[in-house]
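1. coordinates for the following, if possible.
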Amino acid sequence: MLTKVTRLEKLGGLRLRVHFNDGTGGEHDFAGLINGPGEANVALRDPAYFARVFLDHGAPTWPNGYDMAPEWLRLEMEKAGELHKEAAE
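-> Okay, here's the model as predicted:
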């Protein structure tokens, strides 16, 4: 199954609650990634701009074209112990 983000919830600052199509989800702080090198990261350091995130074909994406591979994001969250099985809605 191709990993996709199905829903994002903005938690303030550089944090999002991320829901994946495999029924897992969790909260992730993107500050470490966003504060790293890269010109595309600069705009995302502003929490108001970061909050403009939207989903494009299952990938978190921002108006400046910055997007994040859902597979990578899921792996990072899994390594950090942030993923949990979510209750069925």
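
2. flag every buried residue along the longest strand seen in the chain.
-> Ordering each strand of the chain by length in residues (DSSP state E) puts strand 5-12 first. Using 16 or more other C-beta atoms under 10 Å as the test for burial, strand 5-12 gives Val5. No exception for glycine: its C-beta is placed from N, CA and C like everyone else's.

3. pairing partners for whichever helix or strand comes after it, with directions?
-> Proceeding N to C from strand 5-12, the next assigned helix or strand is strand 15-20, under DSSP states H and E. Applying DSSP bridges to the sheet, strand 15-20 is found paired with strand 5-12 (antiparallel), strand 24-29 (antiparallel).

4. Gly36: which of those is closest?
-> strand 24-29 (13.2 Å; C-beta to C-beta).

5. centre of the chain to that closest one, how far?
-> Here the centre of mass of C-alpha atoms in strand 24-29, compared against the chain's by C-alpha atoms, centre = their mean, to the nearest Å, lies 8 Å away.

6. what's the answer for stretch 35-43, then?
-> With C-alpha atoms, centre = their mean, you get 15 Å for stretch 35-43.

7. avg pLDDT for that stretch?
-> Confidence over stretch 35-43, taken as the mean pLDDT, stands at 87.

8. span of it from start to end?
-> Terminal residues of stretch 35-43 are spaced 10 Å apart (C-alpha to C-alpha, to the nearest Å).

9. so where's the protein shaky on pLDDT?
-> 88-89 (pLDDT under 70).

10. show me where it has its helices.
-> 31-34, 41-44, 47-50, 70-79 (DSSP state H).

11. any idea which of those helices gets closest to Met1?
-> Here helix 70-79 is closest among the helices of the chain (C-beta to C-beta), at 10.8 Å.
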